[in-house]
Each structure stands twice: as structure tokens, then as C-alpha cells.
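Student: have a look at this fold, sequence not included:
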């Protein structure tokens, strides 16, 4: 089974005639239990489940229409994207899955409020928004499960970005990934805070796709990762049910550092951390020692994200003046 | 079996009458395949074998004589060590193993050419020198195996510091650690270089003993560590036989980063790295990309040690002007 088969299966009885325009927004998301490693690299089927929280209004707004000749045309934040860029190529390859005589080419316009390739999962919100915009354009009326699977084909973690709030991505059991999709969790926690500390928006030296594969292939320690994730998932679910920031923060930070540990033990080593990342981690631990319940998480990049509760707003901001709190 | 039993067993037929004075030198050592985790915390029996290289003239010079009353008296680098300090207490506890009516107390004078507690294994050279000085004082005439076991009772890695050159510490199989000792390897490699980059000589926030235990108890990833060590030992032995700097460097750096990865995945996390440590790691990788075969290793501290060959002296020094090359 390849991506085209999956798309065919999902869209088997659906409308093929595109409307005039489709548009959709999808939030970025930050994993609290990380997605790290694929069991099927073609279909982005993960080795383990993962849990994320979506970033509200930070994400991608995408508008889509059909072009009947030429080639795909992609705009990002108001600028035309060169057809030579890897960004364009990735979008084009994804759109290949949805072409027909009635929709030979597409015009895609995306406005992203998250920095590209800085560990803030811009591809997650991007492909989730694109999948939803396609659904809107064709009028398929797909449900969350179906949208999640389509988004996953573009970028694994995009399958979580089709929802707001806390989201659980079930790895699934089947080889074709038809049961590998995300679902929204039944957790309301308005006082939960995410803070972003942006150290670098430079493109990463090693992309997360490659980092993941290198880790699986060369890190001995990776063999213990699925076991840690299994225990973290239960722990986090209970922490979220009780809105227990110390538990949620502990699981998320431990899980994130363990993911980075698997990369550090790969060969050649993958170290996304900059000197400033380490300085901030030490500052977070000092803040906790001094009584502020604030926790760190990091994705495949140098930036640090902070997790805390609203009542700690003032002390966290005074310790991290550059913090951008997600609303 | 406790430490006293081990000492009794080793010294069973030996002289109990101390001479006038004993003295000895022992080099510091840097592990190329790390010792990380104990199977017996009382006797410092390790989970795995390890391989080190001794640091020539960098180490501890210790002189010892008997005092017949009062208490132990300890001098370090010409200054009296307070009996309240943990250093004094550790020495005293070790000397407890060797007291008799003829040697109720000891006077110990140590000159160390390695900074204390900065990840340069000052306790390794310290306890190796102390064990050898005791052997000299009492005239026991112990062999390398016996000295290695006695040194191990003071600090695990001290068992490797009783030799010069490349040293292999066999974990052994017996519960009492009587077959857990180091041996010199038959490797001559005069052009092998070790460079020290000292970032901090501050005392560590978490001692290596505690870091080791916390890692074993809380890091899921640690379960894969013994397997990595097993493969690294073979790989390193072959690299040393062929004096292959690229292989030796690769194994040593990968092994060291993996050890740190197990700590980073402990809870609470143990991160010995300072921002400067990360900056230097990135610089080492850049140097390699640009063609200089230089590799990094780190112990339970923030400092980075470089491994290279004599013919790279000039380019390594130009990249790392503060480098102190061990002779």
C-alpha cells in the first residue's frame, strides 16, 4: 500500500468536482509525549502513540483553488515560493495525491504564524491546513479521523494538528496505517500555559525526518524508547485528567529530554541544542528549585518551550522576559 | 563481603609493620569506553568493562606515614584539609581499611596536578596513588591486579590509574569483585594525543556517584547501555591495535555522548553540560567536517577532552587555542 492507495480508499465515494475555493486553518502543535520514529516511513506510521497540545491561533491559514494548466503555484506569507525549493517540492508531491482531470494543478496560498523549520512544527500545521482546505475545496465532508489520516500522509505530526486542545495520536496496528490517526482528548484546562522562547529561526542542519531515521538505525538507546513512551502515555493521561501541572510537566520534560538523548546517542550525533538551549534548561531547573512549577519541552530544534499554569504567569515572565505566551 | 573482607583477603600473608614512609605517583585517566553504573555499590563492581588511557605526568603524588595518636592528618597541595570536608572523610574512611595497632592513624600528603572535581577523575589518581603509597609504606609488594582491586575500593575508576598507557578494566563475574580489576593493554601509540579544554573547575552540583545511581534507577534508556558498551569494547580494541584514530575517536566520542544521553534521560535530568560544552562540541564537529580528525570525549562534568594524533597538532591548536595537550 502506498499513499495514493490510502487516499483512494478514503475518498472512494467522494465528489471529484472541485468547488471554486477551499480554505482552512490548522493550529501548530507541541507534543507532550513525542512522536519519534516510524514503523512505516512511506506512510508516516509511527513506532508509538503520542500526545500533543495545539497552539490555538498559532498555525497555518491555507486557501486553495484549481488551476487548469501550467504547474502548481505556491505562495507563503504573500510571497511566491520558488519551484526549486524543497518546500514547493514537498507541497507538490502531496498535491499529486489529489489530482484528476478536473483538478490538474493547484494554487495554494498559506499564511503561517509559526517560523518555518525552527522546531515549531510548521509542517504539521501546514499539511493539516492543506488537507482541510482540500476537503473544503472538494466538499468531501470528511470526519476528523479521515482528515487526520490525510494530514499524516504529508507530515506525521500533522495528523494531530487537525484538532484544537489536547490530542492523542494512536499508532494503530494495521500495516497500511488506516487505524493510525489522532483524536481529541476530553480535557478542558484553560489555565494551562505554553510559552515559546525562540532562539533561532535558522533552518536546521539535519531535518527531523533524517534525524529520526539516523537515530533508529544507529542509537542503541533507541531500543528502550517505545517502553518509555508507553509508560509516559499513561502517566500523562492521568496528569491531564487531574490537571496536575507538576505531573504533566514532569512527564513532558522527561519525555522530551529522553527523545533528545536518543539523538545524542546516534552516530553521527544529532545535537539540536545550541549553547543558549542549555543555558535555558539550567534556568528552568533553577526556577523549579526556587519553587516555580515550570517545565521545558523541546522538539527537533534548538528552541525551548515552557509549560506552566496561569497562576505562575508573573514569576515565569520575570524569569524569562523574552517569553511569548501562546493564547 | 564488604571492603574490609576484600582487604583482609588480599593482605592475608602480608607484613603488618609499616616502614618509615611510603610514596607513589598515579596518573589520572580518561575512559574511552566509559565506566557508568555499578552492579555492587559497596565494592564498586561495575556493570560493564571499560577502557581508559592514562594521562602521563598528570596525576597524584602521595606520601604517607603513620601517626600513633590524634587522628588522620591530610594535606592537599601543601594545605591542611579540614576534617569537616568530604574529601577528608572519604580518605579517612578508606584508611580505616588499613589500620592496626601498629598503624592507628595516617598522615597523608598529596600533590595533585589535576583540578579536583572537574570531571578529570582526580579521585581516580588520588586513590590509586594512595593504594600504591600504602603498598610502599608497608612493603607488601602487591602486583598490579592486587593494587588495582585495592584502588577500586576507594573509587571505581582508580583501579585503572595504577597503570600507564591504555588500560582495560574487566568487570569480572564474581559477586565479591575479586576478579574485577584492570590490566594494561599491549598498545604502543606515542603519537596519540589528548587535549584538555577546561571550562570549569567548580564543584559539580551532582556527584558522579549519585548521577550514576540516579541514571540506573530512573533512565529507561540505560537498559541499552551495557549492550552498547559490549560492542564499543571490541570496536575500540581493534581500533587501538591498528592505531586508527578515526575508529578510536568515533568509538570514544559515541560512547561518551551515549553515557551523557543516559544521564539526560534520567529524572531529575543530570546535565553536566554548560553552554560552552555545547559550543565546543559543535566546533569539534565542524573541524571534522573540514577534514581535521579530532574527536571529543566528556566525563561526569562540563569539560571537553579532545582526542587526535600528533600530525593534527597544529590544526587542532589553531582551532582550540586554549587547549592543554597532555604529555
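Tutor: Alright, I've got the coordinates. Keep in mind it's a predicted model, so treat the numbers as computed, not measured. Numbers count the residues shown, from 1 in each chain, chains lettered A, B, ... in the order given.
Student: pull the longest helix from chain A.
Tutor: Looking across chain A with DSSP state H, the single longest helix is helix A:245-264.
Student: who's in contact with residue A:318?
Tutor: Contacts of residue A:318 were listed using CB atoms under 8 Å, 6 or more residues apart in numbering or on different chains, and none were found. (Each C-beta comes from the backbone N, C-alpha and C, glycine too.)
Student: which SSE is it in?
Tutor: helix A:313-319 (DSSP states H and E).
Student: just checking, what packs against the helix-or-strand element of chain A with minimal mean pLDDT?
Tutor: Confidence across the helices and strands of chain A bottoms out at strand A:324-325, with a mean of 90, counting by mean pLDDT, DSSP states H and E. Counting by 3 or more CB pairs under 8 Å, 6 or more residues apart in numbering or on different chains; DSSP states H and E, the packing neighbours recorded for strand A:324-325 are strand A:192-197.
Student: buried ones in the strand it packs on?
Tutor: By 16 or more other CB atoms under 10 Å in any protein chain shown, the buried positions in strand A:192-197 come out as A:192, A:193, A:194, A:195, A:196, A:197.
Student: try stretch A:23-30
Tutor: A:24, A:25, A:26, A:27, A:28, A:29, A:30.
Student: put together JSON lines for those, with distance to chain B on each row.
Tutor: Shown next, in JSON lines, are those (distance: CB to the nearest CB, whole Å):
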{"residue": "A:24", "distance to chain B": "38"}
{"residue": "A:25", "distance to chain B": "36"}
{"residue": "A:26", "distance to chain B": "32"}
{"residue": "A:27", "distance to chain B": "29"}
{"residue": "A:28", "distance to chain B": "25"}
{"residue": "A:29", "distance to chain B": "23"}
{"residue": "A:30", "distance to chain B": "19"}
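Student: so, low pLDDT: which residues of the stretch 201-327 of chain A?
Tutor: A:201-203 (pLDDT under 70).
Student: got the residues of it near chain B?
Tutor: A:219-225, A:227-228, A:231, A:250, A:253-254, A:257-258, A:260-262, A:264-265, A:267-269, A:271, A:273-279, A:281-282, A:285 (CB under 8 Å from any CB of the partner chain).
Student: do that again at 6 Å, thanks
Tutor: Contact residues (CB under 6 Å from any CB of the partner chain) of the stretch 201-327 of chain A with chain B: A:220-221, A:223-224, A:227-228, A:254, A:257-258, A:261, A:264-265, A:267, A:269, A:273, A:275, A:278-279.
Student: how about the longest strand belonging to chain A: buried residues?
Tutor: Counting by DSSP state E, the longest strand found in chain A is strand A:50-67. Across strand A:50-67, burial judged by 16+ other CB under 10 Å covers A:50-55, A:58-66.
Student: of all the residues in the stretch 51-200 of chain A, which one is nearest chain B?
Tutor: residue A:199 (11.3 Å; CB to the nearest CB).
Student: what about that residue, how many neighbours?
Tutor: 19 (other CB atoms under 10 Å in any protein chain shown).
Student: likewise for residue A:217?
Tutor: Neighbours of residue A:217 using other CB under 10 Å come to 10.
Student: okay, it and chain B: tell me how far apart.
Tutor: 13 Å (CB to the nearest CB, to the nearest Å).
Student: can you confirm that residue is in a helix?
Tutor: Yes. Membership of residue A:217 in a helix is supported by DSSP: H, G, I helix; E, B strand; the rest coil.
Student: name the nearest residue to it, ignoring sequence neighbours.
Tutor: residue A:266 (7.9 Å; CB to CB, 6 or more residues apart in numbering or on different chains).
Student: how far away is residue A:78 from residue A:91?
Tutor: 16 Å (CB to CB, to the nearest Å).
Student: more neighbours: those two, which one.
Tutor: Using other CB under 10 Å as the criterion, residue A:78 and residue A:91 rank with residue A:91 on top: 23 against 8.
Student: which stretches of the stretch 51-200 of chain A form strands?
Tutor: In the stretch 51-200 of chain A, the strands defined using DSSP state E, counting those that start in this stretch lie at A:73-76, A:79-80, A:105-112, A:166-170, A:181-184, A:192-197.
Student: near chain B too, which of the buried residues of strand A:192-197?
Tutor: Okay, of the buried residues of strand A:192-197, nothing touches chain B (CB under 6 Å from any CB).
Student: is residue A:283 in a helix, a strand, or coil?
Tutor: Taking three-state DSSP, the label given to residue A:283 is helix.
Student: show me the contacts for it.
Tutor: Not one residue lies near residue A:283 by CB atoms under 6 Å, 6 or more residues apart in numbering or on different chains.
Student: repeat that for residue A:260.
Tutor: Residue A:260 neighbours (CB under 6 Å, 6+ apart): none.
Student: circling back to that earlier point, next, the angle from the longest strand of chain A to strand A:192-197.
Tutor: 70 degrees (axes from the mean of the first three to the mean of the last three CA atoms, to 10 degrees).
Student: helices or strands up against strand A:50-67?
Tutor: strand A:22-33, strand A:105-112, helix A:122-138, strand A:166-170 (3 or more CB pairs under 6 Å, 6 or more residues apart in numbering or on different chains; DSSP states H and E).
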